[in-house]
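Q: Below are the sequence and a predicted model for it; my questions follow.
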Amino acid sequence: MSTDDNDSFIALPPPGAPVEDTKTDVAAVASAEAVEFISLPPGIALDSGTFTVPARTPPAREPAPEIVFVPTVLGAAPVLPVAGPAPVAEPTPVAEPVEALAAPEPAPPTAPVAVTPPAPTPAPVWRLALPDGGAIVALDASVLIGRNPAASADYPHATLLPVVDLTKSVSKTHALLEIDGGVLWVHDLDSTNGVYVVVGDDVSEVVPGTRITVPADADLELGEFVMRITRS
């Protein structure tokens, strides 16, 4: 017998020895390997048709960054904050104590000043001097002059002043003298010989029914009866 024959020789079991079931062992090993190779994740049950998937837990999200708009530029794009270290707050300055200002002392009350109203200006006093050193009559109201003057309803407040005229050129009620607004006026009451106001060389005749002013230091002529007008 050659060496090759020894290598290919297969020893058979003795008669009567139990024969191992080789097929059964192979199947068991294959099943065990399959179970070890195919392993299901936790929570998945194998049934006849569908796998049960466990509930999905959403991942945690970080809060969205705040969008800041710059109002000074029209149509400016939003500026996203850049992650970085938190700014360090500057210390608040402490105001220095301010000394209380002393209130100014109130001014002493002033005594009321008595105001004296101005003295009223006295009205001018007109005077009538009769001729030949006759009497001087103060004219403070209306006066009717004549040889024998009579009261008149047109001048109810006028006083009567009779004069002595030896020439009889003065009418019974010859003229009216009145003060109006501080001015002396004379009227001709339809006399026979007229009324004249003489200032120097200037002679003014009074037209009956009218009146004219009599200035100070003028001569008033009733016919031939001449009187002097003054004012103080």
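A: That came through, no problem.

Q: tell me which strands and helices the helix or strand containing Arg127 is in contact with?
A: Using DSSP states H and E, Arg127 maps to strand 126-129. Under the contact definition 3 or more CB pairs under 8 Å, 6 or more residues apart in numbering; DSSP states H and E, strand 126-129 sits against strand 136-139, strand 225-231. Any C-beta I mention is one placed from the backbone N, CA and C, and that applies to glycine too.

Q: wait, doesn't Thr230 sit right on Asp217?
A: Yes. Contact status for Thr230 versus Asp217: in contact at 6.4 Å, counting by CB atoms under 8 Å.

Q: so of the helices and strands packed on strand 126-129, which one's packed in deepest?
A: strand 225-231 (a mean of 17; mean count of other CB atoms under 10 Å).

Q: Could you tell me the average pLDDT over it, please?
A: For strand 225-231, mean pLDDT rounds to 94.

Q: List the pairing partners of it within its sheet, with orientation.
A: Paired strands of strand 225-231, with direction, are strand 126-129 (antiparallel), strand 219-222 (antiparallel) (DSSP bridges).

Q: and the first one, C-alpha only, in PDB?
A: I take that to be strand 126-129. Taking Å, rounded to 0.1, in the frame of the first residue of the first chain, the C-alpha atoms of strand 126-129 are listed here in PDB:
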ATOM      1  CA  TRP A 126     -62.400 186.500  34.300                       C
ATOM      2  CA  ARG A 127     -63.000 190.000  35.500                       C
ATOM      3  CA  LEU A 128     -64.900 193.000  34.100                       C
ATOM      4  CA  ALA A 129     -63.800 196.500  35.100                       C
END
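
Q: Give me the buried positions along it.
A: Of all the residues in strand 126-129, those buried under the rule 16 or more other CB atoms under 10 Å are 126, 128.

Q: residue ranges of the helices in this protein, please?
A: 3-7, 22-37 (DSSP state H).
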